[in-house]
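# What follows is a protein structure lacking sequence information:
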């Protein structure tokens, strides 16, 4: 019996759409008929902390030279609950399979649900989701961001988003340490080419502050190094 690729994470996370598998499953699912049977039945082994989930057939485009199914699976990188970048998982897939691959709003929704849970325990991580044969989506894997490959994600796009997320958090830490007031009352308007007194970078190169969302669901302000909010 074929088993789906198990979830790898440091903890077991329960979601509204199912259960993510603990890291121990990576080793346990590979050994023995008994383990395979328990995995398909959805077994909770409290003696080891492992949780097995039901096998769910995935939408498959092709198989590779080793017989591995190439599915409609996507990798999404998160910094806490902020989506940094996403891309098709299977770099080894044929051009035809990559053309067929796509992720819809439901796939993004499932990933967002998983990210909210994972963000309670981790800062930088990946969520892999895949389309099932029944046209729904399921979480395949939760893993540490620093240990995950980029798959088909553009490196420049990814590292630019990661740099902005880290910079935003650095500035927020400064705000907390210095007692800089928060809120939309503490902002000013300036040109995007104005240079920051602290880092000598233009205001437009500073991260957007996602605490304040405006029209169209987009952040309203840039967060500059002294903790001020700037509308450019």
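Sure, I can see it. Keep in mind that what you see is a predicted model, and the values were worked out from it rather than measured.

# Residue 209 - nearest residue in space that isn't next to it in sequence?
In space, residue 209 comes closest to residue 223 once its chain neighbours are excluded; the distance is 4.1 Å by C-beta to C-beta, 6 or more residues apart in numbering. All C-beta spots, glycine's among them, are computed from the backbone N, C-alpha and C.

# cool, residue 76 as well?
residue 86 (4.4 Å).

# Could you tell me how many residues sit around the one you found?
For residue 86, the count of nearby residues is 23 (other C-beta atoms under 10 Å).

# same question, residue 123
Other residues close to residue 123 by other C-beta under 10 Å number 14.

# from here on, count from 40
From this message on, residue numbering opens at 40, which makes the last subject residue 162.

# can you tell me which residues contact it?
Residues in contact with residue 162 (C-beta atoms under 8 Å, 6 or more residues apart in numbering) are 118-119.

# tell me the mean pLDDT for stretch 235-252?
Averaging pLDDT along stretch 235-252 yields 81.

# buried sites along it?
In terms of neighbour count (16 or more other C-beta atoms under 10 Å), stretch 235-252 has its buried residues at 235, 241-242, 245-246, 248-249, 251.

# mind checking the end-to-end distance for it?
Stretch 235-252 stretches 23 Å from its first residue to its last (C-alpha to C-alpha, to the nearest Å).

# Give the bridge partners for the residue lying closest to residue 229 once chain neighbours are set aside, please.
Leaving aside its sequence neighbours, residue 229 sits nearest to residue 269 (C-beta to C-beta, 6+ apart; 5.3 Å). Note on residue 269: beta-bridge partners by DSSP bridges are residue 227, residue 261.

# ok, residue 192 touching residue 124?
Yes: if you go by C-beta atoms under 8 Å, residue 192 and residue 124 touch, sitting 4.9 Å apart.

# These two: which is more packed in?
Taking other C-beta under 10 Å, residue 192 and residue 124 do not tie; residue 192 has more neighbours (24 against 20).

# Give me the phi and psi for that one.
Main-chain dihedrals, residue 192, degrees, to the nearest 10: phi -80, psi 130.
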